[in-house]
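Participant: Need coordinates for the following:
(one chain, ligands or ions: 1)
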Amino acid sequence: MSYVYIKMYLNDPVLKLISKTAFENNTELYVIGGYVRDTILRRPTKDMDIVVVGSGIDFAKKLARAMGGKTSVSFYKSFGTAMLRYNGHEIEFVGARKESYRKESRKPIVESGSLDDDQKRRDFTINTLAVGLGRENYGQLLDPFNGMEDLKNRIIRTPLDPGITFSDDPLRMMRAIRFSAQLNFQIEKYTLKAIKDNRKRIEIISQERITDELNKIMQSEKPSTGFNHLDKAALLEIILPEVHAMKGVDVVEGKMHKDNFYHTIKVLDNLSKKSENIWLRWAALLHDVGKPRTKGYAESGWTFHGHDLAGAKMIPSIFRRLKLPLNEKMRYVQKIVQLHLRPISLSGEEITDSAVRRLLFDAGDLVDDLMTLCEADITSKNKETVRRHMNNFKQVRKKLQEIEEKDAVRNFQPPVTGDEIMETFGLPPGREVGIIKKAIKEAILDGVIRNDKEEARKFMMEKAKEMGIES
Ligand code: CTP
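Facilitator: From the prediction side, this is the model:
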């Protein structure tokens, strides 16, 4: 049998140290899984998984001793694993194992096994690649499932019958889709079919893990790959029914609207080219989520009146179900969804100062991100239409900057406080103070007065007089 050696990928000095300790202790071990995959793909890696034929914990203890205290080791006895931190690496040592699963759980029954058993129990061929770290087999590739071939051809495929791999551990369905998005790999036909067949099993997986994978899809270069696969495998309707509801077109009197799902994932891709901000990406995925429930047909065609507000109202329940944070991140997404039509309505022929001022006031620090989403929202195939819309938004951006420089309403602080109003007129806290305060704010936003203390005080006096209040 001839072997392939891939020593050239084993550049990390820690591997030599592991190998030396293994030789001195007569231990057989291999580096396996994600580290091998990512090193060959020349992707950055930090974590290393080492399979020890024998006890991972015992070997980690010996290695830690050999390193002379330059490391910290944690032991997870119930899993039979040890984690060693060294030079910014997390190196996990685990005994080679054999696994079998019961139907109702993704917790396997684990026994010790050979390297071969260990490779078989793994999720995808590209994750089964193992490389010898012994003196005799240093750099030798052990690849019983042709993972190297799949890595070259950019294919996600299970080493065993995909039905068994996914039924054993349904999280792997999400992992397959996530890897395809992250690495830009195809999912092999039978593997994809098995995901579809086993999709209901996703219910035994915790929401946190599912969302973790969704977030990785979201952070990939072209998230639409992941969402398309989720859709094809019919997982989308289970984990994101609100996004799935955007699918499809209706036709009335020969008029059809666009498919809002495909539009949305295009927007998400457009946006992902401009921003790494995962929350802005979530806002892109959800910006039209209110459309299905506000859809209507009028003489002029299809309408989605109020879908911005309807969508914004849906955000908390979606975030709660997905176990996404219910803090300022959620409020950020909600606000962007709610405001996503505002710059569009601004970009008509004449952009009035007061409309721009109001947008700055309402969006505050989110205004730049909002504009980035609006630009990504242009998905027309007609180059001229795209050019025209982009040009309009350029004008809006320019105007936003001009007005902000002049009026500073982006993080509006009232130039006259409630306390000052009460003091000037000897008023108790109450409705009248609120009315005066609001009138000042509105006058500034409408451009009646500037955002300036002196002008605001003068306006306050006039307003109070009009209300019959004397100072
Ligand atoms: N693995 C598996 N089934 C899972 C999770 C992991 O078979 N549900 C195996 C794979 O062989 C994987 C290895 O365990 O390569 C390590 O898992 P993990 O660290 O979660 O994944 P990586 O492949 O390293 O990739 P990433 O860090 O991007 O998740």
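Participant: residues from the stretch 101-250 of the chain in reach of the ligand?
Facilitator: Within the stretch 101-250 of the chain, the positions lying close to the ligand (C-beta under 6 Å from any ligand atom) are Arg122, Asp123, Asn127, Asp169, Leu171, Arg172, Arg175. Every residue, glycine included, has its C-beta placed from N, CA and C.
Participant: pLDDT and neighbour count added to those, as JSON lines?
Facilitator: Output for these, formatted as JSON lines (pLDDT from 0 to 100; neighbours: other C-beta atoms under 10 Å):
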{"residue": "Arg122", "pLDDT": "94", "neighbour count": "22"}
{"residue": "Asp123", "pLDDT": "97", "neighbour count": "23"}
{"residue": "Asn127", "pLDDT": "97", "neighbour count": "24"}
{"residue": "Asp169", "pLDDT": "93", "neighbour count": "21"}
{"residue": "Leu171", "pLDDT": "97", "neighbour count": "19"}
{"residue": "Arg172", "pLDDT": "97", "neighbour count": "26"}
{"residue": "Arg175", "pLDDT": "98", "neighbour count": "20"}
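Participant: Between these, which sits nearest Gly426?
Facilitator: Leu171 (66.8 Å; C-beta to C-beta).
Participant: Give me the contact list for the host helix or strand of Lys406.
Facilitator: In the assignment (DSSP states H and E), Lys406 maps to helix 383-407. Contact with helix 383-407 is made by 343, 346-347, 351, 353, 356-357, 359-360, 367, 371, 374-375, 378, 380, 409-410, 444, 450-451, as judged by C-beta atoms under 8 Å, 6 or more residues apart in numbering.
Participant: Equivalent analysis for stretch 375-382, please.
Facilitator: Under C-beta under 8 Å, 6+ apart, the answer for stretch 375-382 is 263, 266-268, 270-271, 274, 284, 287, 340, 344, 385-386, 389-390, 393.
Participant: now it, how far from the chain's geometric center?
Facilitator: 22 Å (C-alpha atoms, centre = their mean, to the nearest Å).
Participant: May I see the buried residues of that stretch?
Facilitator: Glu375, Ala376, Asp377, Ile378, Thr379 (16 or more other C-beta atoms under 10 Å).
Participant: List the residues that contact the residue in the stretch 201-350 of the chain that the ligand sits nearest to.
Facilitator: Closest to the ligand within the stretch 201-350 of the chain is Lys216: 7.2 Å, counting by C-beta to the nearest ligand atom. Counting by C-beta under 8 Å, 6+ apart, Lys216 makes contact with Arg178, Ala181, Gln182.
Participant: mind listing what's buried in the helix or strand it falls within?
Facilitator: If you go by DSSP H and E, Lys216 is part of helix 207-218. For helix 207-218, a neighbour-count test (16+ other C-beta under 10 Å) marks Arg209, Ile210, Thr211, Glu213, Leu214, Asn215, Lys216, Ile217, Met218 as buried.
Participant: With stretch 350-367 instead?
Facilitator: Neighbour counts over stretch 350-367 (16+ other C-beta under 10 Å) mark Ile351, Ala355, Val356, Arg357, Arg358, Leu359, Leu360, Phe361, Asp362, Ala363, Leu366, Val367 as buried.
Participant: ok so, going back, and which of the buried residues of stretch 375-382 is nearest to the ligand?
Facilitator: Closest approach to the ligand among the buried residues of stretch 375-382 (C-beta to the nearest ligand atom): Ala376, at 26.5 Å.
Participant: what's the angle from the very next helix or strand once past the helix holding Lys216 to helix 207-218?
Facilitator: Sequence order places helix 224-232 as the next helix or strand after helix 207-218, per DSSP H and E. With axes from the mean of the first three to the mean of the last three C-alpha atoms, to 10 degrees defining the directions, helix 224-232 sits at 130 degrees from helix 207-218.
Participant: so what secondary structure elements neighbour helix 224-232?
Facilitator: helix 171-183, helix 189-198, helix 207-218, helix 236-239, helix 260-274 (3 or more C-beta pairs under 8 Å, 6 or more residues apart in numbering; DSSP states H and E).
Participant: can we see that at 7 Å?
Facilitator: Applying 3 or more C-beta pairs under 7 Å, 6 or more residues apart in numbering; DSSP states H and E, one finds that helix 224-232 contacts helix 171-183, helix 260-274.
Participant: If anything else comes up later, I'll come back, but that's it for now.
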